[in-house]
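Asks: here is a sequence with its predicted model. Questions after.
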Amino acid sequence: MPRRWAHTQGVAEQARSLKNLLGDEADLLEASAWLHDIGYSPALVVTGFHPLDGARHLRGVHQADERLCSLVAHHSGATVEAEERGLLDLLKGEFEPPPDHLLDAVTYADMTTGPDGTHLPVERRLSEILERYAPEDLVHRSVSRSAPLLTASVRSIERLLGAVQN
């Protein structure tokens, strides 16, 4: 779990870097960054799909804010992977999609942070994920299918960051 923790810390750092963009929603984004991968914890695995398992845990055990649960449930192309797993109706039935700007922001934070917590371009992050999984693996298929959407989310935030800096 040390690499997962390093990744989580890096994702939270990226989320904090968006504070000026998100104003009152910055704390919600940072919380979702800290918790986005909580569903990987072996103690929380029910479906084997970490966004859904994590969001369910946050809602059921901690009575977390529904917006936070939604961000965890839908982060980083989760709907595509849920479809690959046959869990899309379950995901959508239990958790409303978050607002696009917040989903883009948590996706940006996740998709620009490597497994060791370093910040990197989205293309490198996607390549790194694909290298870890065989082409027939559902994660590989899901990331391949969602890559254009993930990249678009990152580019959307990068454009906003550029506008703020200019």
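Replies: Arrived safely, thanks for sending.

Asks: shaky segments in the chain?
Replies: The chain contains residues with pLDDT under 70 at 1, 165-166.

Asks: where exactly do the helices run in it?
Replies: If DSSP state H is used as the criterion, the helices of the chain fall at 2-16, 19-22, 26-35, 50-62, 66-74, 78-85, 88-94, 100-111, 122-132, 138-165.

Asks: what about the third one, distance to the chain center?
Replies: Right, the one you point to is helix 26-35. Helix 26-35 has its C-alpha centroid displaced from the chain centroid by 11 Å (CA atoms, centre = their mean, to the nearest Å).

Asks: look up how far Ala163 lies from the most centrally placed residue in the chain.
Replies: Centroid-nearest residue in the chain: His75, 3.3 Å away (criterion: CA atoms, centre = their mean). Per CB to CB, to the nearest Å, His75 is found 24 Å from Ala163. All C-beta spots, glycine's among them, are computed from the backbone N, C-alpha and C.

Asks: what do you get for Glu13?
Replies: 21 Å.

Asks: ditto for Leu52
Replies: 34 Å.

Asks: which one of those two has more residues nearby?
Replies: Just comparing Leu52 and Ala163: by other CB atoms under 10 Å the higher neighbour count belongs to Leu52, 24 against 9.

Asks: show me the contacts for that one.
Replies: Going by CB atoms under 8 Å, 6 or more residues apart in numbering, Leu52 touches 39, 73, 78, 82, 87, 90-91, 94-95.
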